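# Just a sequence and a predicted model for now, questions to come.
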There are 2 protein chains.
Amino acid sequence: MQLYNFFRSGTSHRLRIALNLKGLDVEYVAVDLRTEEHSGTAFRAINPQGLVPVLAVDGEKGAHALTQSPAIIEWLEERYPIPPLLPADPDARARVRALAALVGCDIHPLNNRRVLEYLRRSLDCGEAAVLAWCATWIDAGFQALETMLATDTRRGAFCFGDAPTIADVYLVPQIESARRFNVDLTPYPTLVAIDRACAALDAFRRAAPANQPDAT
Amino acid sequence: MQLYNFFRSGTSHRLRIALNLKGLDVEYVAVDLRTEEHSGTAFRAINPQGLVPVLAVDGEKGAHALTQSPAIIEWLEERYPIPPLLPADPDARARVRALAALVGCDIHPLNNRRVLEYLRRSLDCGEAAVLAWCATWIDAGFQALETMLATDTRRGAFCFGDAPTIADVYLVPQIESARRFNVDLTPYPTLVAIDRACAALDAFRRAAPANQPDAT
C-alpha cells in the first residue's frame, strides 16, 4: 500500500494514525501542497479531486486508489478489523462516529489550505482575520466536544473507553492544528487530557507531522 | 423516533432521504434556523453542538439523541440493513462512502448557514461575494464528482449501480443547494442525470425541502 500524503495535512495525519493503530506498513509518498503538486496533472490522474490523502492498494480486482479519509478509515476497519477502532454496539458506534464527524465535517473543512488561501487571495483577509476565522470554527467545535465528553460516563482515557477509537484518530490532528493556529486550549481540559493520553502511544507519536520524512 | 430538523438544511434533507429509503416513519420536529432556535438553551440540551439534524430514538438503554448525519446514516444502515444503502464489497463500500464524503466534507460544510453568516457579518461580504464563495466550493466538488462518475463502469442510473446508495443520499441535497445558489449545472450532465433518476423515486420526492411542513 502507498500513502499519498503531506506531513501537515490534518486528513493525512488522521489516516496515518489509523494505519499505525491497525499495525499496517505503508510506503510514504509525499505530495507537496506548498508547490501545488496536488493540483498538477500527475496527481489528479490518481485523485481527480486533487486532494490528499490517497491510499493506493492492490486488491483482488487489481490496483486502485482509495480517496477521502472518512471512507478509507471505514475501509480499514472492515478489511483489518483487529484492533477495532469502533465499538461493537450500534448506538456506541454512532456516538464515536458522531464525535469524529463533528471534527471531520464541522471543524477541519473550514480551516484547510484551499479555504485559507481563498480568504487571503479572494477576500483580502490579513493573517489576523485568517486566524480569527480558524479560531471561530475550532472553538465552536471544541466547545461542543468538551461539553459532550466532560460528563460522559462512557469516556475513559480516550474519547470512548480506554482504547483509541476513530474519535481520537480525528481529534488529535485537530488539536495539533489548533495549536498551530494559536488557539487557546485552556477551556478544553478534557480534550487536552485525551490528546495527552494519545501522545503516550507509539501509533500516535509516529504519525505526528514533525516525524514525517517531508516535514520541515 | 423524532427527527429534529429544518426543511432547507442540507444535512436534514439527506437524513430524510435515508429514513424514507429505509421505510422508517419519524415524527417531524421543526427547528427554525431563521430564528436561531438551534442556538437556544432548549435545543442545546438535546444537542450541545446546536446543529440539526438530531434523531431521537428509544433504544434498549433508554431514549437518546443521535447527532451528526454521517453517523446517523451509518447507524440506520446497521440497525435497518434492508434495503441496503451501501454495497456489500469493502472496496465498493469505500467508493460509495468516498463519493458521499466528498459532498459531506468538502462541499457542504463550506456553504452552510453559520459560515455564510460569518462571511456577511464578520468579513463584510455582499451577496455577490457570498454566491461566488458558494459556487467556488460547489464547482470544485462537482467537477471532481463529474470526472469520477462520468466514465465509471460501476455507475448505473444512480451513483453506484441501479439502486440508490448513500452517495445519492448526499448528492441530491447538494444539487438542490447548488440550484438555490444559482450555480450553473450545465458542466455536470452526469450529476444532473442522477438527480433526475432520484427525483423519480417517492423516497426522494417526499424528502424534498419544499414538501416539508415548515417550508415557506
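Nice, thanks for sending it over.

# So which bits of the lengthiest helix in chain A are buried?
In chain A, assigned by DSSP state H, the helix with the most residues is helix A:127-150. Within helix A:127-150, the residues that count as buried by 16 or more other Cβ atoms under 10 Å in any protein chain shown are A:130, A:133-142, A:144-146, A:148-149. C-beta coordinates here come from the backbone N, C-alpha and C atoms, glycine included.

# Quick check: end-to-end length of stretch A:120-128?
Length of stretch A:120-128, first residue to last, Cα to Cα, to the nearest Å: 11 Å.

# can you check stretch A:45-63 too?
End-to-end for stretch A:45-63, by Cα to Cα: 14 Å.

# swap in stretch A:33-42?
End-to-end distance for stretch A:33-42: 13 Å, by Cα to Cα.

# And the contacts of it?
A:6, A:8-9, A:31, A:43, A:50-52, A:113 (Cβ atoms under 8 Å, 6 or more residues apart in numbering or on different chains).

# what are the ranges of the strands in chain A?
Counting by DSSP state E, one finds strands in chain A at the ranges A:2-5, A:27-30, A:54-59, A:62-67.

# what's around A:Arg8, how many residues?
Residues lying near A:Arg8 (other Cβ atoms under 10 Å in any protein chain shown) number 20.

# so which of the strands of chain A is the most packed in?
Neighbour counts (mean count of other Cβ atoms under 10 Å in any protein chain shown) averaged over each of the strands of chain A peak at strand A:2-5, with a mean of 22.

# Let me know the average pLDDT across that strand.
For strand A:2-5, mean pLDDT is 98.

# now stretch A:147-166
Averaging pLDDT along stretch A:147-166 gives 97.

# what's the domain layout of chain A?
A:2-82, A:90-204 (automatic domain parsing).

# picking up where we left off before, any chance of the strands of chain A in a markdown table, with distance to chain B too?
Below are these laid out as a markdown table (distance: least, Cβ to the nearest Cβ, whole Å):
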| stretch | distance to chain B |
| --- | --- |
| strand A:2-5 | 14 |
| strand A:27-30 | 19 |
| strand A:54-59 | 5 |
| strand A:62-67 | 5 |
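
# Just put these in JSON lines and tack on distance to A:Ala98.
What follows is the strands of chain A, written out as JSON lines (distance: least, Cβ to Cβ, whole Å):
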{"stretch": "strand A:2-5", "distance to A:Ala98": "26"}
{"stretch": "strand A:27-30", "distance to A:Ala98": "31"}
{"stretch": "strand A:54-59", "distance to A:Ala98": "24"}
{"stretch": "strand A:62-67", "distance to A:Ala98": "23"}
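
# Which of those strands sits closest to B:Ala88?
B:Ala88 lies closest to strand A:54-59 among the strands of chain A, at 14.6 Å (Cβ to Cβ).

# how near is A:Leu86 to A:Asp195?
Distance, A:Leu86 to A:Asp195, by Cβ to Cβ, to the nearest Å: 20 Å.

# Pick out whichever of the contacts of stretch A:33-42 sits closest to B:Asp214.
B:Asp214 has its nearest neighbour among those in A:Leu51, at 35.4 Å by Cβ to Cβ.

# residues near the residue nearest to A:Tyr80 when sequence neighbours are not counted, how many?
Spatially, and ignoring its direct neighbours in sequence, A:Tyr80 is nearest to A:Lys22 (4.7 Å; Cβ to Cβ, 6 or more residues apart in numbering or on different chains). A:Lys22: 18 surrounding residues under other Cβ under 10 Å.

# A:Glu36 now?
By the measure other Cβ under 10 Å, the count of residues near A:Glu36 is 10.
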